[in-house]
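> 3D, please:
(chains A and B)
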Amino acid sequence: MNKQYSLSKKILRREFWTGMLLLVVAAVTLEATSLAQFFFTQKSVTEIASKRAEENLENAKVDILNILNQVETAIHNDIWMVRACLPIRDTIWKVTEHVVKENPSIVGSTVALVPGYYPDRPLFSPYSFKDVETGEITHKTLASEGYDYPSKQWFIEGLTHEEGFWSEPYLDVGGGDIMMTTFSMPVRDYEGRIAAVITADLSLDWLKSVFDDVVIYPEAFSMLFSREGQIMVSPVETLVMHNTIQEVSKQFTDTAAMRDFTDAVLSGKSGNLKVHGKKSFSHVYFAPIERTGWSMSIVIPNDQILGDIRKHNRIIMLFQLIGLLMLVLILLAAHRNQKKYKKLTENEEKMEQELEIARGIQMSMIPKTFPPFPERNDIDIAATIVPAKEVGGDLYDFFIKDEHLYFCIGDVSGKGVPASLVMAMTRSLFRAVSSHEKSPRHIVNVLNESLTDMNENDYFVTFFCGVLDLSNGHLRYCNAGHNTPFILTDSVKKLPIVSNLPLGIVPDYDYQEQDTNIIYDDALFLYTDGVTEAENIDHKLFGEKRAETILHTRRSPQDHLNTIYASIEKFVGEAPQSDDLTMLFIHFTNESLRNPSQWRLVLRNDIKQIDRLTEFIDMIAQKTGIDPDLTLSVNLALEEAVANVIQYAYPEGTEGEIKVDASARKDSIRFTISDTGQEFDPTATPETDISLGLEDRQIGGLGIHLVRKIMDRVSYKREDDKNILTLTKTIRKNNGS
Amino acid sequence: MEVKIEKNEDITTVKFKGRLDTPASQEVAATLLPIQENAAGTIILDCEELEYISSSGLRIFLSLRKAAATKGGKVIVKSINASIRNVFMMTGFLNLFEIA
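Just a heads-up that it's a prediction; the model follows:
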């Protein structure tokens, strides 16, 4: 006894140290991951910031060039007027007045004549300008006030720049210290001689507002420099038009970077660099505005870019440490006192009970009585949810309103109570929205809006929604990232699907709707990934193929679900169910929507009746345009199957009927042979081995062998004391395709 | 379904015309029973005008072939059309018969 006790103590101690070791490893891994993640995020965030800065510079440039272009265009357009007015010089006033009057952004304009152009007036320069406040226009000649215009930059540069020249910015002392720039260009007379320089003065008081929009971080700022380095825009107002970049650069400690920056600005380069301060550094992005020689820049302190990430990263690392610390404490406590283990177990049980109740509530919300519409003969539905251990987030729902069947299936990401709450919400929304909305696309769009709005925990929902018009079989559907349903017609196929996005991820996402027509005896099988991803102990998945194989055989909806579930259970074996498993099977049985290409032949159990079968097949071949070779093959398979029934289903001397139903589709033809004779499943007979030599070959068994060879699908069921054998053949048409 | 039997010394030629389906096979089987019982010579199954054959027809061919094998005779299948050749292929008969 004692020995045993000390042994178990030893085991316990060993488990404790193993646990501690694992925790240390986990701690190191977690923190290392966080650090790595931080560095990668830092890199990409800086890249994004740089991209935004460059975009903003480009936008500001476009804004500025827009205004400058207006001025240039106005002047270009008025040059012909000056040329026309040159012979009668006093008419030139009309031009300068026109320029100022017609262009809101131009506050003054002159036409300054080349000295000596008019022999009697060595200097002549009519000037019109307007009061910025009142808009009143005044005229004067610049020369008369002793203003020596021929020596001014705007005049000298204007003479030589055919396309025009933008002057250095200056403060207009007379007009309230407004920052101005002047555009000037030469005017030629009819002889082609340069006669004058025409100018337009542009107020730059709007410049600052252009750069207000550029700032992307609270402490970032922008600057604008003139061709010669004059500061035109700056967060420090006192520097504007009073200092140059050369002067300001000297005040920085990082002289090398500032020298590079100054050079780049003065030479009109674009790019970026880092300027280091005492503690941190700033990113500086710059780009020139060609034509004016100006240069813009944006300065973003590095801390601004990385501020939030640093904070988040610290919080995450702290939480991880706290979590691990708690685990250490739990481990310690558990080790010291095993009773606490027991208590924990009790808590767990209590929790499980609560989850059980939650599951009960959840299940009470979905339709669970099958068949759900016993009074109707046009639709049959079966559905099931098998929840995983916890309450889960799967849902299905359906109801009939105005002869339309509304149905949906969905899977909320995650498990547990929160997921099941989202599921409940989704289901209520589906009911609420579809009560007044017939389009699955609208239903899904509204659901997505609501779920995105309410989505605080980043849950998303894969969802499939369909609306089936029971009167004509028109099916409209919309898929939001859910598993593709199967459609069972003559064959089993996946419904053509635009996968779209799951609900709750992107607001305003416009989901695409699709539609198709289904007819009598078609069915839909919808499921969640709990079916396809059911896992056995070897971690193999159940997969779509297994489900599809089962769907090939014709069964009632409930039988289908039972068979598939039994198959999953068998496959999974001892492995625990990890996810909710949900299936919805809808069988459309509106008799009035039988395929128009349907025919029936009823035969007596007399072998001579085979001739009628041949006529029947020929008739179908003619109506559907099946090619003669295929017709012969199909005829052979049918003859074999029917002859077998005629000869063996009914006891000698008794009479019986054999029904042959045929229905043709675009790409297939299906035959159903039914009889009320004794039970016989031809598909259960063993395959005939055709490779055997003469001595070993059996005389019998060739018939069913041919049926299997010729037909693409053969299935048998026993229903209502009838043998029902279904044969399907994929067809190609006579007419070429 | 028409069947013509021609005997020339130890060569028996059976000419088929039309469809050898299940009902036809029942009659043809009875017609050919004497040949099957006396299958020591060469039997030529002339299928030039045979349009169709079902498994019951194939069974007649196979029975003849087996009988000939035990009695030292041989069976030659002559002039089968494409669709019957296809049936022969599906059933492995191409390997069991001498096809001419």
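> For A:Val467, give the beta-bridge partners.
With DSSP bridges as the criterion, A:Val467 is bridged to A:Tyr406, A:Arg476.
> quick one: contacts for it?
A:404-407, A:434, A:438-440, A:443, A:475-477 (Cβ atoms under 8 Å, 6 or more residues apart in numbering or on different chains). (Each C-beta comes from the backbone N, C-alpha and C, glycine too.)
> how close does it get to chain B?
Using Cβ to the nearest Cβ, to the nearest Å, A:Val467 is found at 46 Å from chain B.
> Mind giving me the PyMOL select for the contacts of A:Val467, buried ones only?
Applied in PyMOL, the following selects the buried portion of those according to 16 or more other Cβ atoms under 10 Å in any protein chain shown:
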select buried, chain A and resi 404+405+406+407+434+440+443+475+476+477
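> on contacts alone, who are the packing partners of the lengthiest strand in chain B?
Of all segments of type strand in chain B, defined using DSSP state E, the longest is strand B:42-53. When contacts are defined as 3 or more Cβ pairs under 8 Å, 6 or more residues apart in numbering or on different chains; DSSP states H and E, strand B:42-53 packs onto helix A:628-648, strand B:11-20, helix B:55-71, strand B:74-78, helix B:82-91.
> and the third one, what's its mean pLDDT?
In this case it means helix B:55-71. The predicted model assigns helix B:55-71 a mean pLDDT of 92.
> for that helix, packing partners?
Counting by 3+ Cβ pairs under 8 Å, 6+ apart, helix B:55-71 packs on helix A:702-710, strand B:11-20, helix B:22-37, strand B:42-53, strand B:74-78, helix B:82-91, helix B:93-96.
> Just name the most buried of those.
Of these, the one with the most neighbours on average (mean count of other Cβ atoms under 10 Å in any protein chain shown) is helix A:702-710, at a mean of 22.
> Packing partners of it?
Against helix A:702-710 (3+ Cβ pairs under 8 Å, 6+ apart) you get helix A:628-648, helix B:55-71, helix B:82-91.
> in its sheet, what does the next helix-or-strand element following it sit against?
If you walk from helix A:702-710 toward the C-terminus, the next helix or strand you reach (DSSP states H and E) is strand A:713-719. Partner strands and pairing direction for strand A:713-719 (DSSP bridges) are strand A:722-730 (antiparallel).
> Next, the angle helix A:702-710 makes with the strand it pairs with.
Interaxial angle, strand A:722-730 versus helix A:702-710 (axes from the mean of the first three to the mean of the last three Cα atoms, to 10 degrees): 40 degrees.
> Could you list the buried residues of strand A:722-730?
A:723-729.
> what's that strand in contact with?
A:490-491, A:554, A:630, A:634, A:637-638, A:641, A:645, A:649, A:667-677, A:679-683, A:707, A:710-718.
> List only buried entries from those.
A:490-491, A:554, A:630, A:634, A:637-638, A:641, A:645, A:649, A:668-675, A:677, A:680, A:682, A:707, A:710-711, A:713-717.
> Determine the number of other residues adjacent to the residue in chain B that chain A sits nearest to.
Chain A sits closest to B:Gly92 of chain B, with a gap of 3.0 Å, by Cβ to the nearest Cβ. Using other Cβ atoms under 10 Å in any protein chain shown, B:Gly92 is surrounded by 17 other residues.
> My read is that it contacts A:Ser691, right?
Yes. With contact defined as Cβ atoms under 8 Å, B:Gly92 reaches A:Ser691; the gap is 6.3 Å.
> Direction included, what does the helix or strand where A:Leu584 lies pair against?
Using DSSP H and E, A:Leu584 sits in strand A:581-588. Counting by DSSP bridges, the strands paired with strand A:581-588 are strand A:379-386 (antiparallel), strand A:523-527 (antiparallel).
> and among those, the most buried is which?
Scoring the strands paired with strand A:581-588 by mean count of other Cβ under 10 Å, the most buried comes out as strand A:523-527, with a mean of 24.
> Put together JSON lines for the strands paired with strand A:581-588, with mean pLDDT on each row.
JSON lines is the format used below for the strands paired with strand A:581-588 (pLDDT from 0 to 100):
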{"stretch": "strand A:379-386", "mean pLDDT": "93"}
{"stretch": "strand A:523-527", "mean pLDDT": "96"}
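> okay if I get those as TSV plus distance to A:Val660?
Output for these, formatted as TSV (distance: least, Cβ to Cβ, whole Å):
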stretch	distance to A:Val660
strand A:379-386	25
strand A:523-527	23
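> list the contacts for the closest residue to A:Phe38 other than its chain neighbours?
Spatial nearest neighbour of A:Phe38, excluding adjacent residues (Cβ to Cβ, 6 or more residues apart in numbering or on different chains): A:Asn313 at 4.5 Å. Shown in contact with A:Asn313 (Cβ under 8 Å, 6+ apart): A:34, A:37-38, A:41.
> on that earlier part again, what's the spacing between the longest strand of chain B and its chain's center?
6 Å (Cα atoms, centre = their mean, to the nearest Å).
> mind putting the helices and strands packed on helix B:55-71 in a markdown table, distance to A:Ser249 included?
Listed next are the helices and strands packed on helix B:55-71 as a markdown table, based on distance: least, Cβ to Cβ, whole Å:
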| stretch | distance to A:Ser249 |
| --- | --- |
| helix A:702-710 | 90 |
| strand B:11-20 | 105 |
| helix B:22-37 | 106 |
| strand B:42-53 | 102 |
| strand B:74-78 | 105 |
| helix B:82-91 | 93 |
| helix B:93-96 | 96 |
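> Dump the helices and strands packed on strand B:42-53 into CSV; add distance to A:Tyr217 as well.
Below are the helices and strands packed on strand B:42-53 laid out as CSV (distance: least, Cβ to Cβ, whole Å):
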stretch, distance to A:Tyr217
helix A:628-648, 73
strand B:11-20, 90
helix B:55-71, 85
strand B:74-78, 91
helix B:82-91, 78
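> Looking at the ones you listed, which is nearest to A:Phe486?
helix A:628-648 (26.0 Å; Cβ to Cβ).
> contact partners of the helix or strand following the closest one?
Going down the chain from helix A:628-648, the next helix or strand is strand A:657-664, by DSSP H and E. Applying Cβ under 8 Å, 6+ apart, the contact partners of strand A:657-664 are A:490, A:594-595, A:597-605, A:613, A:616, A:620, A:623-624, A:638, A:642, A:645-646, A:649, A:669-676, A:731.
> please redo it, this time with the cut-off set to 6 Å
Residues outside strand A:657-664 that contact it (Cβ atoms under 6 Å, 6 or more residues apart in numbering or on different chains): A:595, A:597-603, A:620, A:624, A:645, A:670-675.
> wait, what's in contact with A:Thr253?
With Cβ under 6 Å, 6+ apart, A:Thr253 has no contacts at all.
> Tell me how far it lies from chain B.
92 Å.
> right, and the secondary structure at A:Pro576 would be what?
Classification of A:Pro576 using DSSP: H, G, I helix; E, B strand; the rest coil returns coil.
> Just give me how far the helix ranked longest in chain A sits from the chain centre.
Across chain A, the longest stretch assigned as helix under DSSP state H is helix A:2-85. For helix A:2-85, the gap between its own C-alpha mean and the chain's C-alpha mean amounts to 21 Å (Cα atoms, centre = their mean).
> Which strands and helices lie in contact with that helix?
If you count contacts as 3 or more Cβ pairs under 6 Å, 6 or more residues apart in numbering or on different chains; DSSP states H and E, helix A:2-85 packs onto helix A:92-102, strand A:178-188, strand A:194-203, strand A:281-289, strand A:294-301, helix A:302-336.
> which one is the closest residue to chain B within chain A nearest to, not counting chain neighbours?
Ranked by Cβ to the nearest Cβ, the top residue of chain A for proximity to chain B is A:Ile690, at 3.0 Å. The shortest distance from A:Ile690 to any non-neighbouring residue, by Cβ to Cβ, 6+ apart, is to B:Gly92 (3.0 Å).
> quick one: the one you found and A:Thr688 touch, right?
No. Assessed by Cβ atoms under 6 Å, B:Gly92 is found out of contact with A:Thr688, at 8.5 Å.
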